[in-house]
Structure formats: structure tokens, C-alpha cells
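Q: turn this into a model:
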Amino acid sequence: MKGFTLTEIIITLVILGIISVFAIPKLYDHYENIKVLAAAKQIMADIRYAQSVAMNEHDSSWVEFDDVQNLYKIYSGPNWATNSIVNNPYENKPFIKYLDHGEYKNVVITSLNIGSAKYIAFDWFGNTSNSGEIVLNNSTTIKVENVTGMVQIVGW
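A: Next comes the predicted model:
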């Protein structure tokens with residue numbers, strides 16, 4: 001009869017246990033990095049969406065960031081004083097995105113360098129008059145270029 005001895009099985013389990021002690025924390029770190037990158041890509045896509053709203057509606061739009069509450073909103077209107085929040089086309093409710101919830105748990109806005117008003121504005125040509133950076137978890141930076149509104153992720 002062929003098979004494994006109890007000693008061979010125990011040695012195999014010990015080796016697998018030792019490997020898992022080192023591998024699982026590394027996998028968790030990698031998973032956290034993937035969540036930050038996914039959130040950065042979502043923010044980048046939403047900034048582009050705000051730009052398209054301004055161009056399609058021949059109006060102005062703004063992406064306002066709140067690093068205290070860890071969220072951002074998209075507004076549209078002729079000027080900042082008379083704007084209204086844009087409806088999210090996928091959820092059919094106001095366009096407010098909370099980070100550090102659900103799929104983006106533990107992702108936080110750690111730094112904003114987009115001016116004191118904390119928003120990025122687009123005119124109806126899709127141009128922006130303010131550029132800046134949004135930093136997530138001190139590791140991933142979303143950069144918005146002046147005039148063109150080009151958005152890119154830096155740090156990956």
C-alpha cells in the first residue's frame with residue numbers, strides 16, 4: 001500500500017504554515033495598493049465625466065473635494081453661486097462619492113493641492129483654469145493639468 005506517512009504530512013503542513021506567515025501580509029499590502037489605484041482611477045474617470053458634462057450641457061461644472069469628510073461632488077451651472085449637484089447617471093441620485101466606504105475602504109484623501117476653494121472647474125469648452133493634485137493614502141497622486149484638464153495618475 002502506497003501513501004504518505006504522518007511525519008511527511010506534518011512536515012508539509014509546517015512548511016505551508018511558515019510560507020503563509022510571510023505570504024499573507026504581502027498579499028494584504030498588495031490588495032490595499034490595488035484599492036488605492038482603483039479609487040484613483042475612479043476619481044480620474046469622474047473628473048473626466050465632469051468635463052464632459054460641461055461640454056455636453058454648454059455650461060460650467062466643478063468637482064469639489066472634501067478632504068475632511070473624505071468625499072467629492074460634481075456640480076453644474078452657470079456659476080458657482082447658482083450651481084446644482086449633478087445627478088449620477090449610474091445610480092440616479094446626486095453625484096456624491098464617499099471614499100473609505102465599501103470597495104474603497106481605507107482609502108483617504110491625504111492632501112489637496114488644487115487651490116483654497118478645493119474644486120476643479122471646467123468651462124463649456126472643457127478647459128480648466130485651475131490645475132492641481134489630489135493625493136490618496138500618501139502614495140498615489142491624481143494630477144489635473146491647467147487649461148486642457150488632462151488627468152493622470154502619478155506614483156504608479
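Q: does anything pack onto the helix or strand where residue 33 lies? Which helices or strands?
A: According to DSSP states H and E, residue 33 maps onto helix 6-57. In terms of contacts (3 or more CB pairs under 8 Å, 6 or more residues apart in numbering; DSSP states H and E), helix 6-57 is packed against strand 60-66, strand 71-77, strand 96-98, strand 119-122, strand 132-136, strand 140-144, strand 151-154. Placement of C-beta: from N, CA and C, glycine included.
Q: residue 142: neighbour count?
A: Neighbours of residue 142 under the rule other CB atoms under 10 Å: 23.
Q: no, scratch that, I was asking about residue 21
A: Counted with other CB under 10 Å, residue 21 comes out at 9.
Q: got the contact list for it?
A: Counting by CB atoms under 8 Å, 6 or more residues apart in numbering, residue 21 touches no other residue.
Q: where does this protein dip in pLDDT?
A: 1, 27-29, 156 (pLDDT under 70).
Q: all good on my end, thank you.
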